[in-house]
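J.: Below is the structure, and that's it, no one-letter string:
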């Protein structure tokens, strides 16, 4: 019996390894996962890397209770870092992501050849829909055109039917980031479809409304969460129980920078 999307997953894994990473024979690919990861994705990608003549190494971690640096005290920091320092490529499938953790920061700083792709929370369904079945060239062309428009803009205003109304000046010196899925050059890369931009922090004014997910800490939202922003700093969080959950989580770091906005993305 075949498994769900078995053939399609094989194709998507091959695209990731051969077209997006352009993994070469003899290169080492580290695949990280945790105990919440869809292991069919991990195994398919490891098999595709092996088929390409590369050397896949899978590292499965116990799922930490936080992400980024908040997960450090639950990670084998030195051992994980050691593996990443000598890898040619790294794809992250962790549900509780390592992005911005100490192993991530050390690996990206010290391993100048490392090609990293952030595919956190990837499932079989996502692999097939977002990698296996897209017209990568057409999407890339669209993304780069929107990126060029954004780079030329001086100000941005973001409004939504849910009540979001946020405006700010863009930092002209900062390059607008465009992720088209390619991970064939050293550095950090993300799933195709993200364009990141950088406001002048103190210029951010208005209302930010989340009506999909906030992760961490809330996950899927049962009702909208509203944030009032003045000069780039969150002044008020309201909207129900999950708004209270977000506020308590931000306060738990005991750092006023947790209430500042840093950047935005089209997705």
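T.: It's in. This structure is a prediction, so every number in the text was calculated from the model and none was measured.

J.: tell me the centre residue of this structure?
T.: With distances taken as CA atoms, centre = their mean, the chain has residue 118 as the residue nearest its mean C-alpha position (5.1 Å).

J.: Tell me who's in contact with that residue.
T.: Shown in contact with residue 118 (CB atoms under 8 Å, 6 or more residues apart in numbering): 92, 97, 99, 188, 189, 190, 191. In short, each C-beta sits where N, CA and C put it, glycine included.

J.: rerun at 6 Å
T.: By CB atoms under 6 Å, 6 or more residues apart in numbering, residue 118 lies in contact with 92, 99, 190.

J.: One more: residue 6?
T.: Contacts of residue 6 (CB under 6 Å, 6+ apart): none.

J.: what's the distance between it and residue 12?
T.: 11 Å (CB to CB, to the nearest Å).

J.: same check, this time on residue 57
T.: 21 Å.

J.: Neighbour count: these two, which is higher?
T.: The neighbour comparison of residue 57 against residue 12 (other CB atoms under 10 Å) goes to residue 12, with 26 against 16.

J.: give me phi/psi at that one?
T.: Backbone torsions of residue 12, given as degrees, to the nearest 10, read phi -60, psi -40.

J.: Ok, residue 34 next?
T.: Main-chain dihedrals, residue 34, degrees, to the nearest 10: phi -130, psi -180.

J.: Leaving out chain neighbours, which residue sits closest to it?
T.: In this structure, residue 34 finds its nearest non-sequential neighbour in residue 63, 4.2 Å apart by CB to CB, 6 or more residues apart in numbering.

J.: residues in contact with the one you found?
T.: Applying CB under 6 Å, 6+ apart, we find residue 63 in contact with 34, 35, 36, 96.

J.: okay, these in a markdown table with secondary structure and neighbour count next?
T.: Output for the contacts of residue 63, formatted as a markdown table (DSSP: H, G, I helix; E, B strand; the rest coil; neighbours: other CB atoms under 10 Å):
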| residue | secondary structure | neighbour count |
| --- | --- | --- |
| 34 | strand | 21 |
| 35 | coil | 12 |
| 36 | coil | 12 |
| 96 | coil | 24 |
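
J.: now for the residues you listed, which pair is the farthest apart?
T.: The two members of the contacts of residue 63 with the most space between them (CB to CB) are 35 and 96, at 9.3 Å.
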